[in-house]
Structure formats: C-alpha cells, structure tokens
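[1] coords please:
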Amino acid sequence: MKKWALAILVVLVIFMVSHVEAEEVMIPNEAIRLRVIPNSNEEKDQWIKQQVRDNIQQEIYDLLKDVKSIEEARTLLKENIKDFEVIVEDTLKQNEIQETFQLNYGMNYFPQKVYKGVTYEEGYYESMVITLGKGEGDNWWCVLFPPLCLLEADETQQQDEVEYKFFVKELIDKFF
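    Numbering: from 1, shown residues only. So this is what the prediction gives:
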C-alpha cells in the first residue's frame, strides 16, 4: 500500500512541477539597463566581457545599493562615468588585453531578447553600454535600476556553499 501511495505522490509532484510556468521577470518602463558587448565570440573575448561585467557590476552595486529613485540612480551613474571608464581600462590592462572600448550612457539600441519565456522587444532604452573592440560578439545585459542584476551580483557575493536537494528523490530514498 505504501508503494502505491508513494507512486501516486511521485506522479502528482512530477505533474505539478511540469506545469509550473517560468517566473516572469518584467522590466518596468522606468528602468536603466547595462550592456557589455565583447569584441567577438572568441573564448578570450567572451571571457574579458565577463571580467568587465563583474567589475562594473560590483562598482555599480556599491554605488546604487541604497538608491530609491530612478532620478537618483541616473544622476549617480552620470556623475561616475569617468570612474566606470577607469574600471574598464584597468580590467583590460590587468588582463593584458590590448583592446579599445567605448562607454556610452544614454538611449542605446537593444536587440530583441527572450528571457525566461518573456520577450523583451528591440528598441532604444536608457542604458550604459560598454563596447569592447569591434563589438561583434554576443552581448550580456541586465537591468541596473531597479537593481534586478545588481541583486544577483550581491547574492553571489554573499553565498556560501549551497546544498541542493530534490524533494522527490528524498521521498524515494526514505521509503525504499
């Protein structure tokens, strides 16, 4: 009897898990984005994109972590453009990358993107865009304000080792 009850429970859990929709992440109309475009899709160019992203994200997180309004975020970002340029320049130098870059804050073009089942339309959005070299590689972008990607940066910074458990496996191990 226990095996039948467990089998029914497992089927129900699998059914429920398979019908859960992906959590939609909606970007509000009043948002500021960050985009890093690498020189190319070569491994080294993609790697340096990630280094620039990580260093810029950390600096922006520290700057905007207590900001409550888009106006305040906008002002702080504009006032610190030179500091962001220094971070990109230093990141390239520290990694011995002889690459030019451009940093632009304003209305910048973003291609259409599908993320977690949500389609974000192409268009011009208020953003900070960092273009490395020719800017022909696959880009990375996120939302600076409200701080959707900055929260992720903070979480990865604060995380200790995480242990993942699968509920159904625990049930099966317990009864068999």
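[2] quick one, strands of the chain?
    Along the chain, counting by DSSP state E, strands occupy 32-37, 101-110, 113-115, 118-120, 123-132, 140-145.
[3] in terms of mean pLDDT, which of those strands ranks lowest?
    Ranked by mean pLDDT, the strands of the chain end with strand 113-115 at the bottom, a mean of 77.
[4] partner strands of that strand, with direction?
    Strand pairing for strand 113-115, determined by DSSP bridges: strand 118-120 (antiparallel).
[5] buried residues in the strand it pairs with, which are they?
    residue 120 (16 or more other CB atoms under 10 Å). (C-beta placed from N, C-alpha, C; glycine too.)
[6] returning to what we had before: now the strands of the chain as CSV including distance to residue 73?
    As requested, these are exported to CSV (distance: least, CB to CB, whole Å):
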stretch, distance to residue 73
strand 32-37, 6
strand 101-110, 11
strand 113-115, 22
strand 118-120, 20
strand 123-132, 10
strand 140-145, 4
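[7] which one of these lies nearest to residue 78?
    When the strands of the chain are ranked by distance to residue 78, counting by CB to CB, first place goes to strand 101-110 at 6.2 Å.
[8] list the buried residues in the closest one.
    Buried residues in strand 101-110, defined by neighbour count with 16+ other CB under 10 Å: 101, 103, 105, 108, 110.
[9] that one pairs with which strands, parallel or anti?
    strand 123-132 (antiparallel).
[10] what's in contact with the strand it pairs with?
    When contacts are defined by CB atoms under 8 Å, 6 or more residues apart in numbering, strand 123-132 is touched by residues 31-39, 45, 48-49, 52, 56, 74, 77, 84, 88, 92, 99-110, 141, 144.
[11] strand 140-145 and that strand, what's the angle between them?
    Here strand 123-132 points in a direction 120 degrees away from that of strand 140-145 (axes from the mean of the first three to the mean of the last three CA atoms, to 10 degrees).
[12] of the buried residues of strand 101-110, which is the nearest to residue 137?
    Ranked by distance to residue 137 (CB to CB), the buried residues of strand 101-110 are led by residue 101 at 12.8 Å.
[13] got any ranges where the protein has weak pLDDT?
    By pLDDT under 70, the low-scoring segments of the chain are 1-26, 150-176.
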